[in-house]
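J.: the following comprises the amino acid sequence and a computationally predicted model.
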Amino acid sequence: MKPETGQKINTRGEIISASMIGTIIEWYGIFIFSSGSLYIADVFYPTVSKSVGILLTLLTFALGFVTRPVGAFIFGHYGDRIGRKNMLLMTLLISGISTGLTGLIPGYVSIGIWAIIILVVLRLVLGFGLGGEWGGAMLLTLENFKGKRGFWSSFVQSTVGIGLLLGTIVFLILEFLLPTSAMYDYGWRIPFLLSFVIVVIGFIIRFRISETPVFEAAKKEKQIANVPAKVLFKGNWKEVLAGTFLAGSSGNFFYFAVALLPAVFESTKVVTVTEGLVATFIFAIMDIIFVFLGGIASDKYGRRSLLLVANVIALILLYPSIYLVSPLEFTLILAFFGIAHGLSYSPLGAFISEVFPTNVRYSGNSMSYQFGNAFIGGPAPYASDLLGSLFYPLYPVFTLAFILIAFGTIFSIRETNKTSLEITPTHTKQYNQ
């Protein structure tokens, strides 16, 4: 689609960098919190044992999932009403500033319970921003490019692996350069403060980007919904449900691999903390590579085929993954989980954007993705750990259940890789009758 007369034409590089920068900041902000959990626990929860402090830190980490659906609803609403660009500028500032401010919070020793309250509030704010960031970033890319949307979606989807890499690398570097006492004192704050620099760069990049031509055309044709969520749930609730299950399955085996497995095998001394970080690093590398391969393949073979393959691989890995006896086995399992998640992630991003018409697309893809991750993917480590504590072979059951649901969902939807985003029907039927 051609841009409106007088509208600036952005290069592909400008569009891709603008779409990626915000999601990189958000995922970076999420993963540095988990990477620095040992130090954060000591600073904010010094009155309890180390193990309880880490548990409370992880609970604080998980609270960010609570506000994601709220962010998806609000930013989706206004993104479908007034445009993608303005919402993306807001989510960028929210995520960058909330992450940076975390590095400035005085510890519990200085201000008591207020330190914990401020920490929790900033994590909730970050989750709120992420709720609107992902969907808008995906549309900034897909609504600017007509073809090969699986490939173009890979750039946004690769930011999870990039954020995971950056969060792991920055702590490894600091732990190498600084003595342990310095890390507990101020070193852990440095990764958070770096986000202030990144957000300034990101804002400049995004400010120069024009609104997407697809949204501008919908606005010109007066196809903007007054209440997008009402239109969405009246005409596209099945698509929201399908997207939620597919995003939930992918998020489920992602967090099972990078959050649960390292905790389980580090606690049982099968791997050291360093070996766990190295394995997570390799997971991230494989994830980034296969995000692009999965996106390219889904343009040729379809979104459904790649989603099916990815979930089959994850299913095969589940039970072997809880009976590992060496660091090598642990690393290999995480590498294969990285492959599975990478293969699923670009087809997922493309599908849950293509399946909705333009006037509810921001709301639809945001809610599907965030509902799936908030209610299915995010709880995976905790639900799995609870089940495993009751009976060890139950560790994978929570993830297994949603992979099976994903299979049913995949077979119930029609292919979308040839769908034109320029068409804005009131209701796009994507289900077999």
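T.: Arrived safely.
J.: give me the buried positions along stretch 86-105.
T.: Using 16 or more other Cβ atoms under 10 Å as the test for burial, stretch 86-105 gives 87-103, 105. Where you see a C-beta, it was placed from the backbone N, CA and C, and this is true even at glycine.
J.: could you do stretch 55-64 as well?
T.: Across stretch 55-64, burial judged by 16+ other Cβ under 10 Å covers L55, L56, T57, L58, T60, F61, A62, L63, G64.
J.: what does the model give the residue nearest to the second one when sequence neighbours are not counted for pLDDT?
T.: Spelled out, that is L56. Of all residues not flanking L56 in the chain, Y45 sits nearest, at 4.9 Å (Cβ to Cβ, 6 or more residues apart in numbering). On pLDDT, Y45 comes in at 92.
J.: could the buried residues of stretch 55-64 go into CSV alongside secondary structure, distance to V120 and pLDDT?
T.: Shown next, in CSV, are these (DSSP: H, G, I helix; E, B strand; the rest coil; distance: Cβ to Cβ, whole Å; pLDDT from 0 to 100):
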residue, secondary structure, distance to V120, pLDDT
L55, helix, 15, 77
L56, helix, 10, 84
T57, helix, 11, 82
L58, helix, 13, 76
T60, helix, 6, 85
F61, helix, 10, 80
A62, helix, 11, 79
L63, helix, 6, 84
G64, coil, 9, 85
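J.: tell me which of the residues you listed is nearest to L328?
T.: Using Cβ to Cβ, L58 comes nearest to L328 of these, at 26.8 Å.
J.: hmm, who's touching the worst-scoring helix or strand of the chain on mean pLDDT?
T.: In the chain, no helix or strand scores lower on mean pLDDT, DSSP states H and E than helix 50-63, which sits at a mean of 80. Residues from elsewhere that reach helix 50-63, judged by Cβ atoms under 8 Å, 6 or more residues apart in numbering: 30, 33-34, 37-38, 40-42, 44-46, 48, 116, 119-120, 123-124, 127, 378-379, 382.
J.: for ChimeraX, write the select line for the buried members of those residues.
T.: Listed next is the ChimeraX selection for buried residues among these, using 16+ other Cβ under 10 Å:
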select :30,33,34,37,38,40,41,42,44,45,116,119,123,124,127,378,379,382
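J.: sort out for me which of the contacts of helix 50-63 are in helices.
T.: 30, 33-34, 37-38, 40-42, 44, 116, 119-120, 123-124, 127, 382 (DSSP state H).
J.: quick revisit: just give me the closest of the buried residues of stretch 55-64 to S153.
T.: Distances from S153 to the buried residues of stretch 55-64, taken by Cβ to Cβ, are shortest for G64, at 23.5 Å.
J.: confirm for me that that closest one is in contact with R123.
T.: Yes. G64 is in contact with R123 according to Cβ atoms under 8 Å; the separation is 4.6 Å.
J.: circling back to that earlier point, can you redo the buried residues of stretch 55-64 as JSON lines with distance to F75?
T.: Below are those laid out as JSON lines (distance: Cβ to Cβ, whole Å):
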{"residue": "L55", "distance to F75": "31"}
{"residue": "L56", "distance to F75": "29"}
{"residue": "T57", "distance to F75": "28"}
{"residue": "L58", "distance to F75": "26"}
{"residue": "T60", "distance to F75": "23"}
{"residue": "F61", "distance to F75": "22"}
{"residue": "A62", "distance to F75": "21"}
{"residue": "L63", "distance to F75": "19"}
{"residue": "G64", "distance to F75": "15"}
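J.: any idea how far apart the tips of stretch 264-274 sit?
T.: Taking Cα to Cα, to the nearest Å, the first and last residues of stretch 264-274 lie 14 Å apart.
J.: quick one: contacts of it?
T.: P262, G276, A279, I322, L324, V325, S326, P327, F330, D385, G388, Y395.
J.: swap the cut-off to 6 Å and go again
T.: Outside stretch 264-274, the residues that touch it by Cβ atoms under 6 Å, 6 or more residues apart in numbering are G276, P327, F330.
J.: now do the closest residue to D80 other than its chain neighbours, the pLDDT please.
T.: Distance criterion Cβ to Cβ, 6+ apart; nearest residue to D80, sequence neighbours excluded, is P228 at 4.0 Å. Looking at P228, its pLDDT reads 91.
J.: please shift the residue numbers so they start at 667 in all later answers.
T.: Renumbered: residue one is now 667, and that last one reads P894.
J.: the residue nearest to L722 and G679, how far apart?
T.: Look at Y711 and G679: by Cβ to Cβ, to the nearest Å, they are 44 Å apart.
J.: now swap in K904 and tell me
T.: 37 Å.
J.: for these two, indicate the residue with more neighbours.
T.: Just comparing K904 and G679: by other Cβ atoms under 10 Å the higher neighbour count belongs to K904, 14 against 8.
J.: phi, psi of the more buried one?
T.: Per-residue torsions, K904: phi -70, psi -40 (degrees, to the nearest 10).
J.: let me see the ranges of the strands in the stretch 717-866 of the chain.
T.: For the stretch 717-866 of the chain, applying DSSP state E, counting those that start in this stretch gives no strands.
J.: do a quick rundown of the helices in it.
T.: Secondary structure of the stretch 717-866 of the chain (DSSP state H, counting those that start in this stretch): helices located at 734-747, 750-768, 774-777, 779-808, 815-843, 846-848, 855-873.
J.: let me know the average pLDDT across the shortest one.
T.: The predicted model assigns helix 846-848 a mean pLDDT of 90.
J.: now that helix: buried residues?
T.: Going by neighbour count (16+ other Cβ under 10 Å), nothing in helix 846-848 comes out as buried.
J.: same check, this time on the fifth one
T.: By neighbour count with 16+ other Cβ under 10 Å, helix 815-843 contains the buried residues 815-834, 836-837, 840-841.
J.: re the thing from before, what's the most distant pair in the ones in helices among the contacts of helix 716-729?
T.: By the measure Cβ to Cβ, D708 and G793 form the most distant pair in the ones in helices among the contacts of helix 716-729, at 23.5 Å.
J.: what about the residue nearest to D746, neighbour count?
T.: For P894, the neighbour count with other Cβ under 10 Å is 23.
J.: again, but for L972
T.: Neighbour count for L972, taken as other Cβ under 10 Å: 30.
J.: tell me where the stretch 917-1066 of the chain has strands.
T.: Read by DSSP E, counting those that start in this stretch, the stretch 917-1066 of the chain holds no strands at all.
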